[in-house]
Every structure is written in C-alpha cells, then in structure tokens.
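> fold the following.
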Amino acid sequence: MKIIRQLTDELQPGMVINQDIYNRNKVLLLAKGATLSDENIKTIKRLGYSVVSVQKSHGDEKAEFWTRFDEEKYAEFQKSYSDSQEEVTGLLKKLNEGDKVDINEVYQVPQTILNEARSPYNLFIYLSQVEQLDDHTYSHSINVSLICSAICQWLNIDPDTTKDIIVAGLLHDIGKSRIDQEILNKPEQLTPAEWEEMKKHTIYGYRILEEAEAPYNVRIGALFHHERMDGKGYPTGLPGKEIPLTAKIVAVADVYDAMTSKRTYRSRVCPFKVIDKLQGDFYTVLDTKILLTFLSRIAECYVGELVRLSDGRTGQVVVINRLQPSRPMVRTSAGIVNLFEETNIEIAEIVPAE
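Below you'll find the predicted structure:
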C-alpha cells in the first residue's frame, strides 16, 4: 500500500484516509482507515484541511488495522484505578463515622485517575479493558464519578459545578452502607419489603452527607439519582423538570456503568449494545439532552477500536452514525460494513487488547 498526500479539492468518495480528522474542539470525526463519502469530504474542507494523507491501494490488498491503545499509559491508569480502592474505603469509613467531608480530598481520588486517562477519548477505552476491583461497590462508585467527568466536559459545565458532580458520582451510593448486607448482596429477587428498604439508600446517603456538611450538589446527587423524567423514580417521584442537573448527570452515568460492568452472573456487555438499549428504551426515563449528548460522544470514543461483529468478522470502527450511534461503519478486510444499513449484523464485542 502506498501513502500519498492529496489536495482536499481532489478527494474522491471511496478514498481511504491515512490520518485522523479532528474538528475544532479536538473531537475525532474520522479515524485513520475511514473510507470517504461525499459528506466526509465536505466536512474535511469545511474544517480547513487543504491536504490530507490517503492510501493508494494496489488492487485487492487487504485492510491493515492499526491500534491507538497505549499499553504503557494504560498500565499507569490500571495502577491508579486499583490504588483508589484503599482511598475510597478510607473516605467512606470516615464519612460513615460522622467526619466532615473535605471536598478537595474526595475529588482528588477520581481526579488522579482522570489525569492518567488524559481525555474522555482514552477513558472509555480504558474502562472497557480495566480489571475491576474485587468489590463491585467500589468499582461502580469510581466508574460513575469518572463518567460524570466526561459528561460534564461534553456539556460544558463550569469547573466548580463539575467538581461537585464528580464527587456526587463517587458518593452517590454511600447510603448503601446503611442497608443490611443480606439485602444488599441477595442474589435472588428482593421481596417487596426488601425492595422498599433498598430504595431508602438514597435517603440514608443524603443524611450521611448532610452530617458531613457536603456541598448541596453532592447531597442531592445521592438523594435524587434514582428519580426519573417520567416521574416514576424514587424516593419522591419528582417530575423531570424538578430533578436537579447533578442528579440527572449522575443518573446517566449510573445506568451506563451498571449496564456495561462485569457482574458475578454475567460478563461485560458491549458498549454498543448498551448504547442501543439506552437509545431505544430510556428517552422518557433519563434527561433527553444529556442522554443524546452522552450517546453520540461516547460512541465517538470508540472510533478506531477493533470490534468483533455478530457474524464473526473482525473490523475497525471508522465512522459513527449520529442518528444511530450504536450502528457505525466498520472497516473489515473485505471492505466497509455499514451497520445502519445491514441491520442483521451488530457489534458483538470490543476486541480485548493483547
């Protein structure tokens, strides 16, 4: 395969680019290896690119997949992630004993991990690969706080509010420490009475954080993160317009992590399957603006990733369909598979890094 520099005015549909294309906000729009369409070419010109690198194919040469996974940086992320369990354990213990919360001390736990991730673009790839902590409660709390950070960045939330929301994500389930362990860890379906007790973790969490003099945004994140836009949530059944922004963001992060994380009874679920589920079933449950932003942006984070399709083929995600982000274009050795059109095929899993 020969690589050449091509004037954007001379680009043609069907050409394969050999570089990443970013917008002015440094969001990846097209990954190296994407096959250009008329719309792609217009976008590249609109962004001000004058010359781009393209692949000059020699007949039926098979596609070569590239990787953006940095093993050294990932190892640093994994260590920081694992080390966080001890810190979170200590923080929760102090809060449960009635100590006052130091918002900066709590914030430092997820911020240290985020510093290793460096960007949401890396964060979601790392989270899809990371070895989760032995105790699911800690993994879930850390994951929710990290996902909250990405959502706040995508929504352009101001720094002070973002800090509160990240901390709210870390502490949103702190009230579960007051729930009987037999209920909390029960493998079977809860009885109606047990479920009513379980739902009280939101109230218990609010009280713990109130005693700790946590910021208002942190307290309401714990109290209202199970409220729903259709008014069918708990503990108060708030209608959507009355649910605070913090709780809406924590709710999206909470649901996404719960659906994608490994459980004792199942392995991880492919993010693209979860994106499809959220897009289809949660528009009346979670805040629409936050959810739409989250789904489109998180899908972009997987551009360039190797995936396995439901028909057994392996390919690379190259273009996200904004109308249906769970069904992107995937480049295989046989050519481009447009999952938006080929509805009988789906992404089965992200191929684990070796």
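> what helices or strands is the helix or strand encompassing Met198 leaning on?
Following DSSP states H and E, one finds Met198 within helix 192-199. Where contact means 3 or more CB pairs under 8 Å, 6 or more residues apart in numbering; DSSP states H and E, helix 192-199 is packed against helix 181-184. Every residue, glycine included, has its C-beta placed from N, CA and C.
> distance from the chain centre to the helix it packs on, please.
Centroid separation between helix 181-184 and its chain, computed with CA atoms, centre = their mean, to the nearest Å, is 28 Å.
> and it, what's buried?
Neighbour-count burial for helix 181-184, counted by 16 or more other CB atoms under 10 Å, picks out 183-184.
> low-confidence bits of the stretch 251-354 of the chain, can you list those?
Low-confidence segments of the stretch 251-354 of the chain, defined by pLDDT under 70: 263-266, 353-354.
> count of neighbours near Met229?
Applying other CB atoms under 10 Å, we find 21 residues neighbouring Met229.
> distance check, the closest residue to it other than its chain neighbours against Thr288.
Closest residue to Met229 apart from its sequence neighbours, by CB to CB, 6 or more residues apart in numbering: Gly240 at 3.5 Å. Gly240 is 9 Å from Thr288, where distance means CB to CB, to the nearest Å.
> show me what the one helix or strand Ile298 maps to packs onto, helices and strands only.
When elements are defined using DSSP H and E, Ile298 is found to belong to helix 288-300. Helix 288-300 sits against helix 120-129, helix 136-154, helix 245-260, helix 271-281, with contacts defined as 3+ CB pairs under 8 Å, 6+ apart.
> just the CA trace of it, in CSV.
These are the backbone C-alpha positions of helix 288-300, laid out as CSV (Å, rounded to 0.1, in the frame of the first residue of the first chain):
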residue,chain,number,x,y,z
THR,A,288,-33.0,13.6,26.7
LYS,A,289,-30.4,16.4,26.1
ILE,A,290,-27.9,14.8,28.4
LEU,A,291,-28.6,11.3,27.1
LEU,A,292,-28.3,12.3,23.4
THR,A,293,-25.1,14.2,24.0
PHE,A,294,-23.7,11.2,26.0
LEU,A,295,-24.6,8.6,23.4
SER,A,296,-23.2,10.4,20.4
ARG,A,297,-20.0,11.4,22.2
ILE,A,298,-19.3,8.1,23.9
ALA,A,299,-19.7,6.3,20.5
GLU,A,300,-17.0,8.7,19.1
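> which of the helices and strands packed on helix 288-300 sits closest to His201?
helix 136-154 (11.1 Å; CB to CB).
> which other helices and strands contact the closest one?
Using 3+ CB pairs under 8 Å, 6+ apart as the contact criterion, the elements in contact with helix 136-154 are helix 71-96, helix 103-117, helix 120-129, helix 159-171, helix 245-260, helix 288-300.
> hang on, the earlier thing: if you count surrounding residues, which of Gly240 and Thr288 has more?
Gly240 (17 against 13).
> can you tell me which residues contact that one?
228-231, 287 (CB atoms under 8 Å, 6 or more residues apart in numbering).
> could you report the pLDDT at Leu36?
Leu36 carries a pLDDT score of 84 in this model.
> contacts only, for it.
When contacts are taken as CB under 8 Å, 6+ apart, Leu36 is in contact with 11-17, 30, 44.
> partner strands of whichever helix or strand comes after the helix holding Ile298, with direction?
Tracing the chain C-terminally past helix 288-300 and defining elements by DSSP H and E, one meets strand 306-309 next. Using DSSP bridges, strand 306-309 pairs in its sheet with strand 314-319 (antiparallel), strand 347-350 (antiparallel).
> okay, now the domains of this structure?
Under the assignment automatic domain parsing, the domains of the chain span 2-56, 71-299, 303-350.
> now the second one: how far from the chain's centre is it?
Computed by CA atoms, centre = their mean, the separation of domain 71-299 from the middle of its chain amounts to 11 Å.
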